[in-house]
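Enquirer: need a 3D model of the following:
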Amino acid sequence: MVNDISGVILAGGDNKRFNGITKSNLVVEGEIIISRMLEVISSIFDEIIIVTNTPEEFTLYTRYAIVSDLFKNTGPLAGIHAAIKASNKKAVFVFAGDMPYLDRDLIMNQIDLYRKSGSRILVPKIANFIEPLHAIYNNSVLNEIESFLTENSNRAVWRFLIMAGADYTQMDETTRSKKAFLNINSPSDIDKL
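Expert: Have a look, this model is predicted:
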């Protein structure tokens, strides 16, 4: 078990393309996405945090810490902030709540790279595509996130990564890695699965 990093699922978002239905609660291959995710990460992390602004939707998962954004309506960076605030660990491994195919071995490899790198933020990159919501954030960036959320109107995570000097780890573009980073953006994505 990893005991120095919290596993975090960002289960919030506007979900506009799904008429407000929380994507973490969608069913893929007969199983709720968040249940699929928890099955993988609960075998890795001894502390798991679910970040959601609708905790009433996650009453099945009360054995995990459930927290809400302190900065409302400011996007996923506010979820990362809430997770760091709630974590009892040195870092958080953040996962978007709509990733049904998390891969345990890839996650463990990313943790190993993070520990060796000395990075404050380590984000995987496949070709030119970065995945900031499958990334590790050291709790030392908390104050920088708060300042960024307070002082900027464009609160895109990628903009924060540039400002904070995030490090990137290049990953091979394989069927396995592409599947692990797959997220559900629209109803048609569910149909494709």
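
Enquirer: who are the contact partners of Arg104?
Expert: 40, 43-44 (CB atoms under 8 Å, 6 or more residues apart in numbering). Heads up, the C-betas are built off the backbone N, CA and C, glycines and all.

Enquirer: just name the closest of the residues you listed to Pro55, please.
Expert: Val40 (21.9 Å; CB to CB).

Enquirer: how many neighbours does the closest residue to that closest one other than its chain neighbours have?
Expert: Of all residues not flanking Val40 in the chain, Leu102 sits nearest, at 4.4 Å (CB to CB, 6 or more residues apart in numbering). Leu102 is flanked by 23 other residues according to other CB atoms under 10 Å.

Enquirer: and Leu102, how far from Asp46?
Expert: 17 Å (CB to CB, to the nearest Å).

Enquirer: so Lys178 sits against Ile126, correct?
Expert: Yes - taking CB atoms under 8 Å as the definition, Lys178 is a contact partner of Ile126 at 7.0 Å.

Enquirer: where do the helices of the chain begin and end?
Expert: Assigned by DSSP state H, the helices in the chain fall at 33-41, 76-86, 104-117, 142-151, 157-164, 175-180, 187-192.

Enquirer: export those to CSV and append columns for mean pLDDT and distance to Ala11.
Expert: Output for the helices of the chain, formatted as CSV (pLDDT from 0 to 100; distance: least, CB to CB, whole Å):
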stretch, mean pLDDT, distance to Ala11
helix 33-41, 97, 6
helix 76-86, 97, 8
helix 104-117, 97, 18
helix 142-151, 96, 19
helix 157-164, 96, 16
helix 175-180, 92, 18
helix 187-192, 59, 17
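
Enquirer: among those, which is the most enclosed?
Expert: helix 76-86 (a mean of 23; mean count of other CB atoms under 10 Å).
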